[in-house]
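# below are the sequence and a predicted model for it; my questions follow.
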Amino acid sequence: MTDGTHKVLVLVPFPMTSEQLAKRSEQQEEAKLPPSIELHYRSTRAAPSGYVSAHDYVLADISLLEAGMQAEEEGYDAVCIDTVSDSGVAALRSLLTIPVIAPGKTMFMTALMLGRRFGVLSMWERWFGLYERTLRELAIEDRCAGIRSIDTHPDSRNLLDGKEDEVLPRLHEVSVQLIEEDGADVICLGSTTMHQAHGYLQKRLPVPVLNPGPVSYLTADVMLALGLTHSRRAYPAPLQPKPEMISAMLTAAADIEDTS
């Protein structure tokens, strides 16, 4: 922290152009953060093509670990992961003493402060495994009323741009199903790539709609204000950290992506 300002690093799980990264950073406008919080967005150097298998989950963990493992040395006060998969969170917590915020877990637990059961609204059915994994880890499967999608392949870089007229009404229709048929009291957006849909849905739905990115930013603010971070008993440090190995792995991965 410098001059009373907290710097928070937001890790985006795919390589991005500056223009694409700017679309992600638009999430902070909704959070209405105090001037004391300063967000900095950084994309990974390489990534899986999608988050649909155990193979992808491992690659995502490594790529986000590498992108954020020097955050504390770089002067950041907290790290937020820009994916509801919470990829890289546990590994980063083992290396860092600053708070590392998991938007998926944070969003689901926040939903339980607002209602009895929540529904997860997703773009793509192949993402369901990510949500189910988190629900199992939290042991709250019975508090999830349902998971539904519009079964549309997501665009992780350009988000909903140019597709709003088609996508937003479908997201609304499925949200109504989660509420009226499944019994959801709260709707959780299943991806930070869906943040552009939040305002549209919240105006049209009779229940709270949680937007994971802003929820994670404000949670980071609370943690910093209270002087809290993750427990070292829950996330023990490695016997011998190997940042050079991790960095070399991502350098090689980035070279392969450049030529593929």
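That came through fine. Everything numeric here is computed off the predicted structure, so don't read it as measured data.
# now do the helices in the stretch 101-250 of the chain.
103-114, 128-138, 164-180, 198-204, 212-226, 243-259 (DSSP state H, counting those that start in this stretch).
# which one of those helices lies nearest to R42?
helix 243-259 (12.7 Å; Cβ to Cβ). From N, CA and C alone the C-beta is placed, and that goes for glycine too.
# which strands and helices lie in contact with the closest one?
helix 54-68 (3 or more Cβ pairs under 8 Å, 6 or more residues apart in numbering; DSSP states H and E).
# where does the stretch 1-150 of the chain have low pLDDT?
1-3 (pLDDT under 70).
# would JSON lines of the helices of the stretch 101-250 of the chain with distance to R24 be doable?
Formatted as JSON lines, the helices of the stretch 101-250 of the chain follow (distance: least, Cβ to Cβ, whole Å):
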{"stretch": "helix 103-114", "distance to R24": "12"}
{"stretch": "helix 128-138", "distance to R24": "18"}
{"stretch": "helix 164-180", "distance to R24": "17"}
{"stretch": "helix 198-204", "distance to R24": "14"}
{"stretch": "helix 212-226", "distance to R24": "8"}
{"stretch": "helix 243-259", "distance to R24": "19"}
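# compare the mean pLDDT across those and name the weakest.
Note on the helices of the stretch 101-250 of the chain: helix 243-259 shows the lowest mean pLDDT, a mean of 89.
# that one: how far from the chain's middle?
The chain centroid and the centroid of helix 243-259 are separated by 23 Å under Cα atoms, centre = their mean, to the nearest Å.
# and the angle from it to helix 54-68?
Orientation check (axes from the mean of the first three to the mean of the last three Cα atoms, to 10 degrees): helix 243-259 against helix 54-68 gives 110 degrees.
# start the count at 39 instead of 1 going forward.
Sure, I'll start numbering at 39, so the last one becomes helix 281-297.
# contact partners of helix 281-297?
Helix 281-297 is contacted from outside by P53, T82, R83, A84, I100, S101, L103, E104, M107, Q108, L133, using Cβ atoms under 8 Å, 6 or more residues apart in numbering.
# against D180, how distant is T231?
28 Å (Cβ to Cβ, to the nearest Å).
# between these two, which one's more packed in?
Using other Cβ atoms under 10 Å as the criterion, T231 and D180 rank with T231 on top: 25 against 8.
# for the spatially most central residue of the chain, which non-adjacent residue is closest in space?
Taking Cα atoms, centre = their mean, the centroid of the chain lies closest to T121, which sits 2.5 Å from it. Of all residues not flanking T121 in the chain, P51 sits nearest, at 4.5 Å (Cβ to Cβ, 6 or more residues apart in numbering).
# from L266, how far off is that neighbour?
From P51 to L266 the distance is 25 Å (Cβ to Cβ).
# between these two, which one's more packed in?
P51 (24 against 10).
# thought that one was touching S125?
Yes. Taking contacts as Cβ atoms under 8 Å, P51 lies within contact range of S125: 6.2 Å.
# so what sits against both of the two?
The contact lists of P51 and S125 share Y89, A98, S101, L102, I119, where a contact means Cβ under 8 Å, 6+ apart.
# I'd guessed the last one sits against A128; true?
No. With contact defined as Cβ under 8 Å, I119 does not count as touching A128 (10.6 Å).
# the two - which one has more neighbours?
Set side by side, I119 and A128 show more neighbours around I119, with 30 against 16, by other Cβ under 10 Å.
# quick one: contacts for the more buried one?
Listed by Cβ under 8 Å, 6+ apart, the contact partners of I119 are 48-49, 51, 102, 125-127, 130, 138-141, 254.
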